[in-house]
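Undergrad: need coordinates for the following:
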Amino acid sequence: MAPRGLSLEEKRTKLLEIFHDTKDFYQLKELEKLGPKLKGIVSQTVKEVLQSLVDDGLVQGDKIGASNFFWSFPSQRGTIVQNRLDSVKETRAGHEAQLAELKTAIEHERTLRPLSDSRATALEQLTSMKKQLAVLQEEIDAYGACDPVKVEEKRRAVTLAHEAAVRWTDNYSILLSHFTRQTGMDAQDIRRYLEIGDDYEDIF
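TA: Next comes the predicted model:
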């Protein structure tokens, strides 16, 4: 089985060890040679690993002349960890203070609004009225078809439909009269052929 490659965190740790073990300054090209030789870090990944350490403040870097040098000492890591711990503690203290303020505000509101018998009764009545309102709203929704606005809309639709039917009936009568004059055929024969009853014009 082929040996497992180093994870990013393992590479970070091993690259830091080079700095801490030697307590020296290095250029990138030097680290790209030392990484594979001393710690088994693939040279092509050294630059990426080094940058991640710089971003996290674990390795310092500076340009001296035309070259960039990097360094890190064991005490630096301890300082960074301690700073992070202090920051977390400060954040926690702030949250605890906010929580205490909220608790105090809640207790203050409770003293201003004691749960007397009258207030308890009023709250019960409010809850009951909300339930009744919900029931009434359901009934209104159920009888929505009787809404005056909806009734008026339906009445108007029926009227329009009736007017349209009357127009078509008139058109039928005009066409039937015209056809009988042109052909001389009896209107009754045409009605029977088209299966139209004698009461057709009286439907509306």
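Undergrad: now do the helices in the protein.
TA: 8-22, 28-34, 43-55, 74-112, 117-142, 148-183, 187-194 (DSSP state H).
Undergrad: need those in CSV with mean neighbour count, mean pLDDT and distance to Ala66, can you?
TA: Just so you know, the C-beta spots here come from the backbone N, C-alpha and C atoms, and that holds for glycine as well. Output for the helices of the chain, formatted as CSV (neighbours: other C-beta atoms under 10 Å; pLDDT from 0 to 100; distance: least, C-beta to C-beta, whole Å):
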stretch, mean neighbour count, mean pLDDT, distance to Ala66
helix 8-22, 16, 92, 22
helix 28-34, 16, 94, 13
helix 43-55, 16, 93, 18
helix 74-112, 10, 71, 25
helix 117-142, 10, 80, 78
helix 148-183, 11, 72, 84
helix 187-194, 12, 75, 104
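Undergrad: for these, give me a markdown table that also has distance to Asn68.
TA: Listed next are the helices of the chain as a markdown table, based on distance: least, C-beta to C-beta, whole Å:
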| stretch | distance to Asn68 |
| --- | --- |
| helix 8-22 | 15 |
| helix 28-34 | 7 |
| helix 43-55 | 10 |
| helix 74-112 | 18 |
| helix 117-142 | 70 |
| helix 148-183 | 79 |
| helix 187-194 | 100 |
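Undergrad: for Gly61, find the nearest of these.
TA: Smallest distance to Gly61 across those (C-beta to C-beta): 5.5 Å, for helix 43-55.
Undergrad: elements contacting the closest one?
TA: If contacts are counted by 3 or more C-beta pairs under 8 Å, 6 or more residues apart in numbering; DSSP states H and E, helix 43-55 sits against helix 8-22, helix 28-34.
Undergrad: gap between the most far-flung residue of the chain relative to its centre and Asp21?
TA: Among the C-alpha atoms of the chain, the one most distant from their mean position (C-alpha atoms, centre = their mean) is that of Gly184, at 75.7 Å. Here Gly184 is placed at a distance of 122 Å from Asp21 (C-beta to C-beta, to the nearest Å).
Undergrad: now swap in Gln188 and tell me
TA: Distance of Gln188 to Asp21, given as C-beta to C-beta: 119 Å.
Undergrad: now do Leu133
TA: 77 Å.
Undergrad: ditto for Leu194
TA: Relative to Asp21, and taking C-beta to C-beta, Leu194 is found at 108 Å.
Undergrad: show me the contacts for the residue nearest the centre of the chain.
TA: For the chain, the residue lying nearest the average C-alpha position, counting by C-alpha atoms, centre = their mean, turns out to be His95 (27.5 Å). His95 makes contact with no residue under the criterion C-beta atoms under 8 Å, 6 or more residues apart in numbering.
Undergrad: nearest to Glu101, of the helices and strands packed on helix 43-55?
TA: Closest among these, using C-beta to C-beta: helix 8-22, at 39.8 Å.
Undergrad: could you list every helix and strand that the closest one packs against?
TA: helix 28-34, helix 43-55, helix 74-112.
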